[in-house]
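Asks: kindly generate the corresponding structure for this input.
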Amino acid sequence: MKYLLTILILFIFTSNVFSQECDETTRARMIKSGLSDKTIEEQCGKIGEKVESKDTVEEEKVSEKVESKDTVEEKKVSEEDPSVDKRWRFGGGDGSGKFAYKDSSVPELNGKFDHDLTGGTFQLSYISIKEDNFFYGGGWTSLNVSGGETFSEDALPGYYTYYSPTYGYFDISVTVTSFRTNFFYGIYGYNYVIDDVMSLQPNIRYGMKLVVAEWKEKIEWRSYSDQELEKSTTFHQFGLDLVFPFVYKINENWGFGADICICGASGKATAGTGEYEFSNSNVVNLFFDYHL
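Replies: Okay, the predicted model is just below:
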């Protein structure tokens, strides 16, 4: 009877050991029932290992999920915003140019109508500065110059300058109404940081320049009605400008600066024996930056 009771108690407590954790009360009952220390350690150790294993797996899964989520977020940020600084730049500045005329059949006219042109420029560009301070971008610049009505250098007030045996006395004037360049370009440069708010950004602009020249010629006859001719020509050329901007950062959203630009275009047009030469250039600009 005594042995039967011991076996029954052993069976009950052994079953409990597999169904619950080995707390202090359970261990005391197992010792009282006569189980050996080895048996108690084996049974409680198995359960503890199972619980520990389960907790470890859960922690590893949570850790993997968190790590995976953080990795994905970092990857998204890296893909969506790989640059340090992006900005739009709006600016404008001076414009100057020259007009020259030559005539192979009448050399006396060569250089007689040469004069300077004046105007201005407007620029809109986008740049993205990378972590290594190199930057790239693109934009558009329009440079337009013109001049007033220009008579021959030999002209004298109150007198006609030229004489034709067929048509008599006359005067000639030239008016350059527009010599403009539309430059669509890419940008590549380096952002040299001076301090927290100032930097120098030398860069090159490369692309295609679309050029239009428009001018008028007027002939004032002494014995005939005056004549006025409107002329124009268009052409395109590869453009390469060098720009040296100095930038001051106002706050996180705005900045301003000035640049020195080695920029411009030139071209020629012919009509009969006459050759017309045009050029324009831009040197100094002021601009504002809007940081994205």
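
Asks: give me the nearest residue to residue 252, chain neighbours excluded.
Replies: Counting by C-beta to C-beta, 6 or more residues apart in numbering, the nearest residue to residue 252 once its immediate chain neighbours are dropped is residue 291, at 6.3 Å. Backbone N, C-alpha and C define where each C-beta goes, glycine included.

Asks: the one you found contacts residue 84, correct?
Replies: No - using C-beta atoms under 8 Å, residue 291 is not in contact with residue 84, being 10.8 Å away.

Asks: ok, now which ones touch the residue most central in space within the chain?
Replies: The centroid of the chain falls nearest to residue 127 when counting by C-alpha atoms, centre = their mean (2.0 Å). The contact partners of residue 127, by C-beta atoms under 8 Å, 6 or more residues apart in numbering, come to 86, 87, 89, 135, 136, 137, 187, 189.

Asks: now, which of these lie within strands?
Replies: Using DSSP state E, the subset of the contacts of residue 127 located in strands is 86, 87, 89, 135, 136, 137, 187, 189.

Asks: just the buried residues out of those, in PyMOL syntax.
Replies: With 16 or more other C-beta atoms under 10 Å as the criterion, this PyMOL line picks the buried residues out of these:
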select buried, resi 87+89+135+137+187+189
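
Asks: what stretches of the stretch 151-292 of the chain score poorly on pLDDT?
Replies: In the prediction, the stretch 151-292 of the chain carries no residues with pLDDT under 70.

Asks: quick one, strands of it?
Replies: Here the stretch 151-292 of the chain has its strands, by DSSP state E, counting those that start in this stretch, at 162-164, 168-190, 192-193, 198-200, 203-221, 227-249, 254-271, 274-291.

Asks: neighbouring contacts of the third one?
Replies: Outside of strand 192-193, the residues within contact range by C-beta under 8 Å, 6+ apart are 133, 199, 200, 201, 202.
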